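Visitor: A structural model of the following input is requested.
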Amino acid sequence: MFIFFYGDNEFLLEKKLHELKNKYRQKAGGDLNLITFEGESLSCEEFLTQAQIIPLLATSRLIVIKNIFKCKSKNSLDKIKDFLPKIPSTTVVVFTHIGKIDKRLGLYKDLAKSKAAHEFKIIDQGQQISYVKREAEKSGAKIDNEAARLLVDYCQGNMFVLSSEIEKLTLYKYGGEIGFSDVEEMVSRGSSSDVFRMIDSLSEGKTDKALEELKKLYANGEAGLRIMAMINYQYRLIAQVKEAQEKTTNAFQASKISGISYFQAKKVFNIAKKISWSELYDKYTQIMLFDESVKTGKMNEEEGVKELIIKIR
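Guide: Coordinates of the predicted model:
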């Protein structure tokens, strides 16, 4: 069987994938039969071989192909499409894709029409507030409406940062109620703005200034992975606004078209105008590569972010 996770909400998609993989690990007793491929470097032949291997010391195999439509070979995508009905009953294949997809592709059509397809959409401010309240309750705390609204405002739509701040606040107020003053005291409203200034410096080729902004973030206690997530998020905003700029030259209209707040669209509007699609693609590819290296322990968090900034200057 197969599952298809896709959409623009990277945080919720990755969260669901993480939950699915953990559930599988518990059932299978480890990672022995869990295989992950990256769409950009996918070997169709290797995938087809792995998908047909009988599970070892378990009842099933789980194969994840991340960002399947980054695979540049249409022939490979067609082969995978033809293979879908032939996936062995002992193998579960999870296809994921974050961002835009060419919906004319046959593989996309077959995956999307499946009952096992789930689209993860960007959620608006009201939905983010509801998310904050649910997650706080799951972690043994409560948060009032005004505090939840302030937290969402501080995080400016970045779900990675929002999740991290919820965790911090619920640990601080475990078993109690998180109020407006707790958010003011515990949450740094400047992090996202600092990251934006860092990216603005990068877009102008001011690597030294960007590295200075990075030092400030570390001095304020920010973790490398969280900074990486915010860099990732800011470049996704740039891509969304740049796409909207193909239809409008107005920041307000761009915010409506892209589905993000005017505040966010206005911040990245000029950067999106200056950067080319090829430059944006190259930078985003580097972000993904460094993110993977840091998360797999191949690279130290702080050094990883520093090298990323130098690489995408």
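Visitor: Skipping adjacent residues, who's closest to Leu13 in space?
Guide: Counting by Cβ to Cβ, 6 or more residues apart in numbering, Phe120 is the residue found nearest to Leu13 once chain neighbours are left out, at 4.3 Å. Placement of C-beta: from N, CA and C, glycine included.
Visitor: Ok, Met198 next?
Guide: Leaving aside its sequence neighbours, Met198 sits nearest to Glu213 (Cβ to Cβ, 6+ apart; 3.8 Å).
Visitor: Could you report the neighbour count for that neighbour?
Guide: Glu213 has 21 neighbours, counted by other Cβ atoms under 10 Å.
Visitor: Around the closest residue to Met299 other than its chain neighbours, how many other residues sit close by?
Guide: Closest residue to Met299 apart from its sequence neighbours, by Cβ to Cβ, 6+ apart: Ser293 at 4.2 Å. Neighbour count for Ser293, taken as other Cβ under 10 Å: 15.
Visitor: How many residues are close by Lys115?
Guide: By other Cβ under 10 Å, 6 other residues sit near Lys115.
Visitor: tell me the phi and psi of it?
Guide: Here is the backbone geometry of Lys115 (degrees, to the nearest 10): phi -70, psi -20.
Visitor: Next one: it from Lys21, what distance?
Guide: Going from Lys115 to Lys21 by Cβ to Cβ, to the nearest Å gives 21 Å.
Visitor: if we can go back for a sec, show me how far the helix or strand hosting the residue nearest to Met299 is from its chain's centre.
Guide: Using DSSP states H and E, Ser293 sits within helix 277-295. Mean C-alpha position of helix 277-295 versus that of the full chain (Cα atoms, centre = their mean, to the nearest Å) differs by 12 Å.
Visitor: Packing partners of it?
Guide: On a contact count with 3 or more Cβ pairs under 8 Å, 6 or more residues apart in numbering; DSSP states H and E, helix 277-295 meets helix 224-244, helix 301-311.
Visitor: Of the ones you listed, flag the one that's most buried.
Guide: Highest mean neighbour count of these: helix 224-244, a mean of 22 (counted as mean count of other Cβ atoms under 10 Å).
Visitor: Past the worst-scoring helix or strand of the chain on mean pLDDT, which element shows up next along the chain?
Guide: Using mean pLDDT, DSSP states H and E, helix 191-203 stands out as the lowest-scoring helix or strand of the chain, at a mean of 70. As assigned by DSSP H and E, the chain's next helix or strand after helix 191-203 is helix 207-219.
Visitor: what residues are up against Arg197?
Guide: Glu213 (Cβ atoms under 8 Å, 6 or more residues apart in numbering).
Visitor: about what we covered before: out of the helices and strands packed on helix 277-295, which is closest to Gln125?
Guide: Relative to Gln125, the nearest member of those by Cβ to Cβ is helix 224-244, separated by 15.2 Å.
Visitor: Show me where the chain dips below the pLDDT cut-off.
Guide: By pLDDT under 70, the weakly predicted segments of the chain are 188-194, 196, 203, 261-263, 313.
Visitor: how about the strands of it, start to end?
Guide: Assigned by DSSP state E, the strands in the chain fall at 2-7, 34-38, 61-66, 91-98, 117-120, 142-143, 177-178.
Visitor: Run the chain-centre distance for the fourth one.
Guide: Remark: strand 91-98 is offset 15 Å from the chain centroid, using Cα atoms, centre = their mean.
Visitor: Would you list the strands that it pairs with, along with their directions?
Guide: strand 2-7 (parallel), strand 61-66 (parallel) (DSSP bridges).
Visitor: Pull up the gap between Leu62 and Thr36, please.
Guide: Counting by Cβ to Cβ, the gap from Leu62 to Thr36 is 9 Å.
Visitor: who has more neighbours, these two?
Guide: Leu62 (23 against 13).
Visitor: Tell me what the more buried one is bridged to.
Guide: Following DSSP bridges, Leu62 is listed with bridge partners Leu34, Val92.
Visitor: That one contacts Pro55, correct?
Guide: No: the criterion here is Cβ atoms under 8 Å, and Leu62 misses it with Pro55 at 9.3 Å.
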